[in-house]
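This is a predicted model, with the sequence first.
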Amino acid sequence: HNTPDILSIRYKAPKISDNNRIVYQISGSNGMKEVIHKDTKAIKDYVTLDMDGNPKFISYYDKNNKHLAVTKMILPDGVAEGETVRFKCKFIDTQEEDLFINWGDGQYSTELDDQGYASHTYSSEINTESKIYIYGSIESIGDLTTSEDSLIDLTLSNTMTWIPASAFKDATCIKSVTIPSSIKSINESAFKGATNLTKVTFENNPSIQEIKGNAFNGSGLTEFVIPKTVTTIGDYAFSGTKLTKIVIPKTVTSIGVYVFSECELLTTAAFEEGTTITTIMEGLFRNSGLTSFTFPKSITKIWSFSFEGTDIESITIPKTVTEISQYAFSDCLSLTSFTFEEGIQIDSIPYAMFWGSNKLSDITIPKTVTSIRTAAFADTGLTSIVIPNSVTSISDFAFSGSTLLESVTFEENSKLETIGEHVFEETGIINIKIPKSVKSIGRYLFTNCPNLQTVEFEEGSEITEIVDSMFSECSFTSFIFPDGIT
């Protein structure tokens, strides 16, 4: 049939904006013509007719000629003949007419298979200018793959207000993503495991507020600028990525656990000046490559594992901090300098706080500390330590395995009452004088201390018993028993 110059066409289209129009573009003998639909509440719609006068190609545009596809995938340079692109799609309205896919090579489809997948095999090689457009009332998209491991640049439509959970999870064929200003949320695991995704670009004037849990976990991101509209970052959002630096804007008021953990190339991280964040959350930078960090003035709490396994060399804890949790700086193998700001009010050195930080040779314990918890300084590089007179208890294994520790000094008027088991086991202690305030000493206190020469109890000691294996595998030359030993 010959296609007429003007043809009246009716076609169902989603209602995106009250200000959009439908325009039917048809091929006629005098070239391309436009027929303007009078329904101002529908989308502006371009339609090419086949030889039978049936709609063949549909693409949605708003009144400003902006494309309204749900997503646009820019195909890699030279997609090979026989290559297949496949993805799973679910629509809010599952009617067949609400789905339309332009595969970028002149081929189109309006159906999903029985498992909800759309797929297309290319019959000839195409160039990098080609794009896949997906239209419809989309609920979710996922399992995006290319059969020959070609990489795709993905541009999301400005009709979307969020990226669905797991939308591109494990989509190893994506190398970059452009996120439009309409997106307000990147949902859980949206790009998790997208190992070839290296770059995310936000269009001008972003409105994104949430980056939810695992959003980019395990992806190949090498750079990411968090927009200054973001208020929430979920658990593990960037864990295991290849980021090298990150700035957390002051708009962020909530940040989850392990957000930048396992980022081995991340050397620099900072909170923007003026941040109101008060807590360094659990595992925030765990096992990252962080080499330095400056705490914001707003920080009051440092939670467990937050800097464990990092490459931090020097750090100062501000006096605003009132609580530090277990393993906060354990296994920091490059840590040589650690300072508590004068005036800090912490009351304990927590469980395993520095365990395994074997280059930490010197530290001053704040005079507000009353307890040194289990394994707090185990396997460190300490050579000497002064225990302030405020400390009332030292728990098991507190300094064990710190083989370079030769000098332990207790301040005068010590209030220390309890020393746990294995506290100085396998250290390099030479001489030690135990305060008279100590009432209880645990077993294996000095086990395997080969350099130990003199152990003395301060005059007036209340110790009444030398416990089992207290000096096992020691060869000290002088031991002065306290008067009260029974």
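Received, thanks. Since this is a predicted model, take the numbers as computed values, not measurements.

show me where pLDDT drops low in the protein?
Per-residue confidence for the chain (pLDDT under 70) gives these ranges: 1-80, 90-100, 126-130, 135-142, 148-150, 159, 478-481, 484, 486.

Compute the first-to-last residue distance for stretch 365-381.
With C-alpha to C-alpha, to the nearest Å as the measure, stretch 365-381 spans 15 Å from end to end.

An error on my part: the question was meant for stretch 253-265.
Start and end residues of stretch 253-265 are separated by 25 Å (C-alpha to C-alpha).

Likewise for stretch 237-252?
Stretch 237-252 has its terminal residues 14 Å apart, counting by C-alpha to C-alpha.

buried stuff in that stretch?
Within stretch 237-252, the residues that qualify as buried by neighbour count (16 or more other C-beta atoms under 10 Å) are 237-243, 246, 248-252. The way it works is simple: take the backbone N, C-alpha and C, and place the C-beta from them, glycine included.

show me where the stretch 301-450 of the chain has strands.
Listed in chain order, the strands of the stretch 301-450 of the chain (DSSP state E, counting those that start in this stretch) span 301-302, 314-317, 323-324, 337-340, 348-349, 371-372, 384-387, 393-394, 407-410, 418-419, 431-434, 440-441.

I'd like to know which of those lies nearest to residue 111.
strand 301-302 (54.4 Å; C-beta to C-beta).

any idea how far the closest residue to residue 399 other than its chain neighbours is from residue 290?
Take residue 399 and drop its neighbours on the chain: the residue closest to it by C-beta to C-beta, 6 or more residues apart in numbering is residue 377, 5.0 Å away. Per C-beta to C-beta, to the nearest Å, residue 377 is found 21 Å from residue 290.

The two: which is more packed in?
Between residue 377 and residue 290, residue 377 has the larger neighbour count (other C-beta atoms under 10 Å), namely 29 against 26.

wait, the more buried one sits on residue 398?
Yes. The pair residue 377 / residue 398 is scored as a contact, 6.0 Å apart, by C-beta atoms under 8 Å.

got the contact list for residue 287?
Counting by C-beta atoms under 8 Å, 6 or more residues apart in numbering, residue 287 touches 261-262, 264, 308-310.

and those, which are buried?
Neighbour counting with 16+ other C-beta under 10 Å marks 261-262, 308-310 as buried within the contacts of residue 287.

Let me know the closest of those residues to residue 281.
The closest of the buried ones among the contacts of residue 287 to residue 281 turns out to be residue 261 (C-beta to C-beta; 10.4 Å).

Pick out the residue nearest the middle of this structure.
Centroid check for the chain by C-alpha atoms, centre = their mean gives residue 259 as the closest residue, at 2.4 Å.

Which parts of this structure are helices?
Ranges of helices in the chain, per DSSP state H: none exist.

State the distance from residue 119 to residue 194.
Distance from residue 119 to residue 194, by C-beta to C-beta: 19 Å.

who has more neighbours, those two?
Using other C-beta under 10 Å, the more surrounded residue of residue 119 and residue 194 is residue 194, with 25 against 16.

residues touching the more buried one, list them.
Residue 194 touches 168-172, 174, 216, 218-220, counting by C-beta under 8 Å, 6+ apart.

Between those, identify the one with the most neighbours.
Within the contacts of residue 194, most neighbours by other C-beta under 10 Å means residue 219, with 32 neighbours.

That one contacts residue 195, doesn't it?
Yes. Residue 219 lies in contact with residue 195 (C-beta under 8 Å); the separation is 6.5 Å.

Can you tell me the number of residues neighbouring residue 468?
By other C-beta under 10 Å, 10 other residues sit near residue 468.

swap that for residue 470, please
By other C-beta under 10 Å, neighbour count at residue 470 equals 17.

how about the residue lying closest to it once chain neighbours are set aside, what does it touch?
Using C-beta to C-beta, 6+ apart and skipping the chain neighbours, the partner closest in space to residue 470 is residue 445 (4.9 Å). Contact analysis of residue 445 by C-beta under 8 Å, 6+ apart lists 419, 421-425, 467, 470-471.

how much space between residue 445 and residue 349?
Using C-beta to C-beta, one gets 19 Å for the distance from residue 445 to residue 349.

Then residue 248?
According to C-beta to C-beta, residue 248 stands 28 Å off from residue 349.

what's the answer for residue 269, then?
Residue 269 is 24 Å from residue 349, by C-beta to C-beta.

ok, residue 440 touching residue 423?
No. Applying C-beta under 8 Å, one finds residue 440 not in contact with residue 423, separated by 11.6 Å.

Compare those two (neighbour count), which wins?
residue 423 (26 against 14).

who touches the more buried one in this structure?
The neighbourhood of residue 423, defined by C-beta under 8 Å, 6+ apart, consists of 394-400, 442, 445.

Could you do residue 446 as well?
424-425, 429, 452, 455, 470-472, 474.

what does residue 273 give?
Counting by C-beta under 8 Å, 6+ apart, residue 273 touches 250, 296.

Please renumber the chain so that the first residue is 34 from this point on.
In the new count, where the first residue is 34, that last one comes out as residue 306.

what's it sitting at in phi/psi?
phi -60, psi 140 (degrees, to the nearest 10).

Next one: the nearest residue to residue 278 once chain neighbours are set aside relative to residue 463, how far apart?
Among residues not flanking residue 278 along the chain, residue 301 sits closest, at 4.2 Å (C-beta to C-beta, 6+ apart). Here the criterion is C-beta to C-beta. By it, residue 301 lies 41 Å from residue 463.

what's the answer for residue 269, then?
Taken as C-beta to C-beta, the span from residue 269 to residue 463 is 47 Å.

Understood, closing this out.
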